[in-house]
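Visitor: sequence-free structure coming up:
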């Protein structure tokens, strides 16, 4: 069966541009998460969605970051006016429920020039 | 420091040897999970141990949990070159509505053929 799919796999953009990252979760998974991983580091929580509940946005580092999810399907993470410190791998995961193991995509490697 | 800190940061062993990685955390947990990450890929869930469990096995993996010491260990027996990866522990806090997994910085395991 299909796993979590993220696109693009790589994105290079100039400082100040907006970027949009996409995540297709596993079908039937109600929970969806976004993380940021800097080189050689662990995962930094950004946001999660659970069903129709209000998302937990407590990990978003600034108001330049936002995310949306359509029902229990695709999610997009948008970074506006990108800065060099935004360079990282952005990982998406989904799970059946909030206490269940998470299934990860391979991430989007974002490089800000 | 971060909830969920792995020790050691890096471990290099020969094929066939056992590898032990440790994780310490600070707050009460609902469960603790171990994940593996191969270079350039997303995380793969290995095993979940609940706060009322002390030990779990899965194939060549053995996880222990000591809630009194707020620590966990992951043992990989009879290691193989394919086990080379970064290993992360992640904790899910207990109580409330906080369902964020908190990841450590990981242990980089190298298994030499």
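Guide: Arrived safely, thanks for sending. Since this is a predicted model, take the numbers as computed values, not measurements. Numbering: from 1, shown residues only, chains lettered A, B, ... in the order given.
Visitor: residues touching the residue in chain B that chain A sits nearest to, list them.
Guide: Going by CB to the nearest CB, chain A is nearest to residue B:42 of chain B, at 3.3 Å. For every residue, glycine as well, the C-beta is placed using N, CA and C. Residue B:42 is in contact with A:4, A:91, A:93, A:104, A:105, A:106, A:107, counting by CB atoms under 8 Å, 6 or more residues apart in numbering or on different chains.
Visitor: surely residue B:107 meets residue B:21?
Guide: Yes: when contacts are counted by CB atoms under 8 Å, residue B:107 is listed as touching residue B:21 (4.4 Å).
Visitor: Name the residues contacting each of those two.
Guide: Counting by CB under 8 Å, 6+ apart, the residues touching both residue B:107 and residue B:21 are B:6, B:7, B:8, B:11, B:87.
Visitor: pretty sure the first one is touching residue B:88, no?
Guide: Put plainly, it is residue B:6. Yes: assessed by CB under 8 Å, residue B:6 is found in contact with residue B:88 at 6.8 Å.
Visitor: what do the two both touch?
Guide: Common neighbours of residue B:6 and residue B:88 (CB under 8 Å, 6+ apart) are B:104, B:105, B:106, B:107.
Visitor: thinking again about what came up before, of the contacts of residue B:42, which belong to strands?
Guide: Judged by DSSP state E, these include A:91, A:93, A:104 as members of strands.
Visitor: Quickly list what the last one is bridged to.
Guide: Just to be clear, that refers to residue A:104. With DSSP bridges applied, residue A:104 shows beta-bridge pairing to residue A:93.
Visitor: isn't it right next to residue B:38, touching?
Guide: No: with contact defined as CB under 8 Å, residue A:104 does not reach residue B:38; the gap is 11.3 Å.
Visitor: Of those two, which one has the most company?
Guide: residue A:104 (22 against 13; other CB atoms under 10 Å in any protein chain shown).
Visitor: what sits against that one?
Guide: A:4, A:91, A:92, A:93, B:35, B:42, B:43, B:44.
Visitor: repeat for residue A:32
Guide: A:23, A:25, A:48, A:49, A:69, A:72, A:75, A:92, A:93, A:94.
Visitor: For it, what is the enclosing helix or strand?
Guide: strand A:31-37 (DSSP states H and E).
Visitor: Rounded mean pLDDT for that strand, please.
Guide: In this model, strand A:31-37 has an average pLDDT of 96.
Visitor: Residue 94: neighbour count?
Guide: Let's take chain A. Per other CB under 10 Å, the neighbour tally for residue A:94 reads 26.
Visitor: To clarify, I was referring to chain B.
Guide: 12.
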